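Undergrad: Let's see this in three dimensions:
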Amino acid sequence: MKRWITGMLLITACTREAELPATQPIAHAMFYNGSADFYNRWNYVSLNNDSMLSLTYNSAATELIGALNYASYQLFRPGTYRISFSDTADVRDKITDAEIDLQPGRHQTIYLADSLGYFETIVSDDEVARDSSIAYIRLVHLAPDAPKVSMVIDTTGVPEIDSVTYRQITPFVKIAPNPKPGFRIRYNDNGEEKTLVRKSFSMLGGRTYTFVLRGYMQPADGNPNKTINLSAIINQ
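TA: Numbers count the residues shown, from 1 in each chain. Presented below is the predicted three-dimensional model:
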């Protein structure tokens, strides 16, 4: 899903009948709230100190990602923007503030990440050359108190998604399409391999998927809605 941001992308009209408007480059950006501290709370995104949208935990735009959902990209004129996340509707109450380059012709995601109270933004490039006979997956580790993790599909490990640390985004990995593979996120606990979370998602050829590991192994307030979980976003 894609949305146009009013005022961010302007199309210039023709001034003469014989002229056609030049095709303007477009940047595609999605904003994702990956901080479990915002469960049942609103978080606000601003661009260049102008309020743009609000997010709850595990949402992009105004929609929860759920177990599996499509990406929700906004459209912008390419350039460098001051992108901030705030914990109130007042854009001055920033918890993160960064200059981010939105690149022409690219799809990018800006994640709000939480390291046990210290917030930051992480940016991913969501582009990959695609083959209709291949599915593409990657993992974003946004679980602050989780150790290094690896991914197993059914019983087979994914070598490129191994020893992934907090805040790390793996490259896209090619896998065979599968109607219902089982994805397990594993970790090593004093020499014993344990499963942190397990989900099943349909993987279609020609699609790209971002798996987001989110939440806490041990939420400070004991809220079960903040515990470890795994979401999947269909990027393209």
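
Undergrad: Test my guess that Val149 contacts Gly157.
TA: No. Counting by CB atoms under 8 Å, Val149 sits too far from Gly157 to count as a contact (11.6 Å). Using the backbone N, CA and C atoms, a C-beta is placed for each residue, glycine as well.

Undergrad: out of the two, which sits in the more crowded spot?
TA: Of the pair Val149 and Gly157, Val149 is the one with more neighbours under other CB atoms under 10 Å, namely 24 against 13.

Undergrad: quick one: contacts for that one?
TA: By CB atoms under 8 Å, 6 or more residues apart in numbering, Val149 lies in contact with 139, 141, 163-164, 185-187, 196, 213.

Undergrad: For it, list each beta-bridge partner.
TA: Val164 (DSSP bridges).

Undergrad: Could you break the chain into its assigned domains?
TA: What automatic domain parsing lists as the domains of the chain is 1-127, 130-236.

Undergrad: okay if I get those domains as a markdown table plus mean pLDDT?
TA: Shown next, in a markdown table, are the domains of the chain (pLDDT from 0 to 100):
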| stretch | mean pLDDT |
| --- | --- |
| domain 1-127 | 79 |
| domain 130-236 | 93 |
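
Undergrad: before we move on, back to that, filter the contacts of Val149 down to the buried ones.
TA: Applying 16 or more other CB atoms under 10 Å to these, the neighbour count classes 139, 141, 164, 185-187, 196, 213 as buried.

Undergrad: Could you tell me which of the residues you listed are located in strands?
TA: Cross-referencing the buried ones among the contacts of Val149 against strands under DSSP state E gives 139, 141, 185-187, 196, 213.

Undergrad: Next, count neighbours for Gly191.
TA: What Gly191 shows, counting by other CB under 10 Å, is a neighbour count of 5.

Undergrad: any idea how far it is from Val152?
TA: Using CB to CB, to the nearest Å, Gly191 is found at 17 Å from Val152.

Undergrad: Is it possible to get the ones in strands among the buried ones among the contacts of Val149 out as a markdown table so that each row also shows distance to Gln236?
TA: Output for those, formatted as a markdown table (distance: CB to CB, whole Å):
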| residue | distance to Gln236 |
| --- | --- |
| Leu139 | 17 |
| His141 | 22 |
| Ile185 | 23 |
| Arg186 | 27 |
| Tyr187 | 30 |
| Leu196 | 27 |
| Leu213 | 21 |
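
Undergrad: Go through those and name the one nearest Ile83.
TA: Closest approach between those and Ile83, by CB to CB: His141, at 21.2 Å.

Undergrad: Identify the residues contacting stretch 103-111?
TA: So stretch 103-111 is contacted by 25-32, 34, 60, 71, 73, 78, 83, 100, 102, 121-127, 140, 142, 210, 233, 235-236 (CB under 8 Å, 6+ apart).

Undergrad: Now the buried members of those.
TA: 26-32, 34, 60, 71, 73, 78, 83, 100, 102, 121-122, 124, 126-127, 140, 142, 210, 233, 235-236.
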